[in-house]
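*Asks:* give the three-dimensional model of this entry:
(chains A and B)
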Amino acid sequence: MRHIARAVALALLLTGCSTYSLVEPRRTAIGDLYTVEPQIAWSAVRMGKMEIWTVDGPSLQELAFIKGLRDGEPLVEGKARDKRPQFKKNMTASDLMEFVVDSVSMMGGQQIAAKNLRPIPFGNVPGFRFDLSFSTQEGLEKDAVVAGAIVKDRLYLIHYSGTRAYYYPKYQAHVEQIIDSIRMQ
Amino acid sequence: MSRAVMRHGTSAVCVLLIILTCVSCATLRGAPGALPDIEPGQRPSLDTDEAGLWMLMDRVETSLRTSGGLVTDPGLTTYVRGVVCQLAGSYCPDIRVYVIQTPHFNATMAPNGAIAVWTGLILRTQNEAQLAYILGHELGHYLRRHSVQMWRDVRSTSDLLVLFNVLAAAAGVGYAGNLGQLIALGSLYAFSRDNEREADDVGFELMVKAGYDPHEAPKIWEALIKERDAAKDPAPFIFFATHPPTEERIATLRKLAQEAAAQGGPAVVGKDRFVAATRPLRATFLRDELRQREFARSQIVLDHLIDTGVGLGELYFFQGELHRLRAEPGDEAKAITAYQRALEAGDAPIETHRALGLLYAKAGDKQKARLALQRYLRGRPDAEDRAMIQRYLQQLD
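*Replies:* Coordinates of the predicted model:
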């Protein structure tokens, strides 16, 4: 039932029927774990454990917050449970990078390359980040950055992606600032 | 990530394929109403339905040229194109070859001369003779104009224009995405079993004429059946939907191979050429294969590759990766054994040390973990993940 709800939410998002809300440029809560402080206004849509912010539209650039995946939960739907990459609470940062890459692949990403895996502070807890590049099935080239941490056995991710030619770099600096502004609640 | 909850749109396309597979009313060559073979350089007259079919496929092919899955590696694409031309002879200028990075066994032939070879097929092929047989089979569909035949036969029995339009839509963009596009490109319709037999005959004829060892032809089917049986997956392979592997097919090919061999002539297997062209990309194809998480099936693929004896260090590394990803009870120990075997083989990727180190760390063996991770950093001083590995090493102190 939860999957159906997510699918409906996505359909609404794609057809432009979902309810966007304005994210003001001030400190904003991302779920129960932490807050961030954007410097510009974003449009946001919330779907369970996922929250997506965009300025120009999610197919051009999107900032996704994954808010606390539990052990055994996948990032993507679609195949039988055992065919999906699943989050495990004992994953290393290297495992998590593979988990995200495999999930992007399952969504149809092509020519995926992940690099620069490195430790960062995620608020005041040890986290990680890495860079991604991939093509859509239609050949549109995209870049992405992923930052995250496991807190109390749950995975929190920030995934910013956009078209390589224009929309990714357009708000890249703002996203860096958002990641730097993470403060635990 | 907004597509994280998107369900794959392949099922609708597969349903269409299954419907179309059930339609076995094709006209055989020589039967009343059968089309003559296409001639070299021939294009259909603009006032025919065949021209319409070609135009649709031209449009699909245009989007294929810019698709994200198109393999652009010049070594591999030039090689596959060369094999196609060797088989196609005077038809070579009429055929365009596309290698598509998708981890399933398939090759598709469009009526307009666009042939798509999926990388999952290349991964499952052991030598040039096997590749030539499959490519020859696909060329058989082109030469005999099976797509057009099937289109006309189907249309004469029921109005499937709706399906045509649905497939045309799938061939563009949207829900069905690239998979629909590829299926539409290659087999607007699943060819009938009679068409398949005919394409088998042509494929075999072309490979023998080009001097390849005919005994390699049935081997590819035997391996696929083994893989299918191991998978125990109710979902059929895409390729099997349009190319049913049967004992009859294998028996026929074996008989033909014996007859051809009895007549003498060259029997090129072409393993070295095939390995030279495909080996640089094999690790990428293996990674794509493991991402499917069809571990029983992937094990057969790995066993098949290990049999060739080519690049065993890399293959044992991926054997370890299979166990690590499957993560069933006992898999951790099996993964460590496979990684160690990879290192003993001498040509293991340097990432083997990292994989071993991370597994040792999880198992609590700090000393072995430290040594393995240090070896990884020594072996790859410019490692992209150096900072993270150094953090792991600090945590092990």
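
*Asks:* ranges for the helices of the stretch 1-150 of chain B?
*Replies:* For the stretch 1-150 of chain B, applying DSSP state H, counting those that start in this stretch gives helices covering B:10-21, B:49-65, B:74-88, B:119-123, B:128-143, B:146-157.

*Asks:* repeat that for the stretch 201-350 of chain B.
*Replies:* Going by DSSP H, counting those that start in this stretch, the stretch 201-350 of chain B shows helices at B:216-231, B:238-242, B:247-262, B:271-291, B:295-308, B:312-326, B:331-345.

*Asks:* closest one to chain A among the ones you listed?
*Replies:* Shortest distance between chain A and the helices of the stretch 201-350 of chain B, using CB to the nearest CB, is found for helix B:271-291: 5.2 Å. For glycine as for every other residue, the C-beta is placed from the backbone atoms N, C-alpha and C.

*Asks:* so what secondary structure elements neighbour the closest one?
*Replies:* helix A:93-106, helix B:74-88, helix B:119-123, helix B:128-143, helix B:295-308, helix B:312-326 (3 or more CB pairs under 8 Å, 6 or more residues apart in numbering or on different chains; DSSP states H and E).

*Asks:* quick revisit: mind checking the helices of the stretch 201-350 of chain B for the one nearest to residue B:56?
*Replies:* helix B:238-242 (18.1 Å; CB to CB).

*Asks:* average pLDDT across that closest one?
*Replies:* What helix B:238-242 shows for mean pLDDT is 61.

*Asks:* cool, and stretch B:196-214?
*Replies:* Stretch B:196-214 comes out at a mean pLDDT of 89.

*Asks:* show me what counts as buried in it.
*Replies:* Buried positions in stretch B:196-214, judged by neighbour count with 16 or more other CB atoms under 10 Å in any protein chain shown: B:196-208, B:210, B:212-214.

*Asks:* likewise stretch B:314-331?
*Replies:* Buried, per 16+ other CB under 10 Å, within stretch B:314-331: B:314-326, B:331.

*Asks:* again, but for stretch A:105-122
*Replies:* A:105-112, A:114, A:117-120, A:122.

*Asks:* try stretch A:125-137
*Replies:* Quick answer for stretch A:125-137 (16+ other CB under 10 Å): A:127, A:128, A:129, A:130, A:132, A:133, A:134, A:135, A:136, A:137.

*Asks:* and the second one, helix, strand or coil?
*Replies:* Reduced to three states with DSSP: H, G, I helix; E, B strand; the rest coil, the structure at residue A:128 is strand.

*Asks:* quick check: it vs chain B, distance?
*Replies:* 7 Å (CB to the nearest CB, to the nearest Å).

*Asks:* just checking, that residue touches residue A:120?
*Replies:* Yes: applying CB atoms under 8 Å, one finds residue A:128 in contact with residue A:120, separated by 6.4 Å.

*Asks:* okay, and the common contacts of the two?
*Replies:* residue A:147 (CB atoms under 8 Å, 6 or more residues apart in numbering or on different chains).

*Asks:* quick one: low-confidence parts of chain A?
*Replies:* A:1-18, A:78-79, A:81 (pLDDT under 70).

*Asks:* ranges for the helices of it?
*Replies:* Under the criterion DSSP state H, chain A contains helices at A:2-14, A:93-106, A:167-180.

*Asks:* find me the pLDDT at residue B:191, would you?
*Replies:* Residue B:191 is given a pLDDT of 59.

*Asks:* how is the closest residue to residue B:375 other than its chain neighbours assigned, secondary-structure-wise?
*Replies:* Distances taken as CB to CB, 6 or more residues apart in numbering or on different chains put residue B:353 closest to residue B:375, at 4.2 Å, once the chain neighbours are dropped. The local conformation at residue B:353, judged by three-state DSSP, is helix.

*Asks:* ok, residue B:353 - how many residues close by?
*Replies:* 23 (other CB atoms under 10 Å in any protein chain shown).

*Asks:* next, work out how far apart it and chain A are.
*Replies:* 13 Å.

*Asks:* for that residue, give me its contacts.
*Replies:* Applying CB under 8 Å, 6+ apart, the residues near residue B:353 are B:343, B:372, B:373, B:375, B:376, B:379.

*Asks:* out of the residues you listed, which are inside helices?
*Replies:* Per DSSP H, those map to helices at B:343, B:372, B:373, B:375, B:376, B:379.

*Asks:* would you confirm that the third one contacts residue B:389?
*Replies:* Yes: Residue B:373 is in contact with residue B:389 according to CB under 8 Å; the separation is 5.5 Å.

*Asks:* what is in contact with the two at once?
*Replies:* With CB under 8 Å, 6+ apart, residue B:373 and residue B:389 have common neighbours B:354, B:357.

*Asks:* nearest residue to the residue nearest in space to the middle of chain B other than its sequence neighbours?
*Replies:* Taking CA atoms, centre = their mean, the centroid of chain B lies closest to residue B:121, which sits 2.4 Å from it. Excluding its sequence neighbours, the residue lying closest to residue B:121 (CB to CB, 6+ apart) is residue B:105, at 4.9 Å.

*Asks:* that neighbour and chain A, how far apart?
*Replies:* Applying CB to the nearest CB to residue B:105 and chain A gives a distance of 17 Å.

*Asks:* residues in contact with residue B:350?
*Replies:* B:376, B:379, B:380.

*Asks:* and if we set it to 10 Å?
*Replies:* B:317, B:375, B:376, B:377, B:378, B:379, B:380, B:383 (CB atoms under 10 Å, 6 or more residues apart in numbering or on different chains).

*Asks:* of those residues, which is the nearest to chain A?
*Replies:* residue B:383 (9.4 Å).

*Asks:* count the residues that sit near that closest one.
*Replies:* 19.

*Asks:* show the pLDDT at it.
*Replies:* 97.

*Asks:* please apply the same query to residue B:52.
*Replies:* pLDDT, read off for residue B:52, is 86.

*Asks:* how far away is it from chain A?
*Replies:* Residue B:52 is 24 Å from chain A, by CB to the nearest CB.

*Asks:* just checking, that residue touches residue B:44?
*Replies:* Yes: using CB atoms under 10 Å, residue B:52 is in contact with residue B:44, at 8.7 Å.

*Asks:* which one's more surrounded, the two?
*Replies:* residue B:44 (18 against 14).

*Asks:* give the contact list for the closest residue to the more buried one other than its chain neighbours.
*Replies:* Using CB to CB, 6+ apart and skipping the chain neighbours, the partner closest in space to residue B:44 is residue B:50 (3.8 Å). Neighbouring residues of residue B:50 by CB under 10 Å, 6+ apart: B:35, B:38, B:43, B:44, B:111, B:112, B:145, B:147, B:148, B:149, B:151, B:152.
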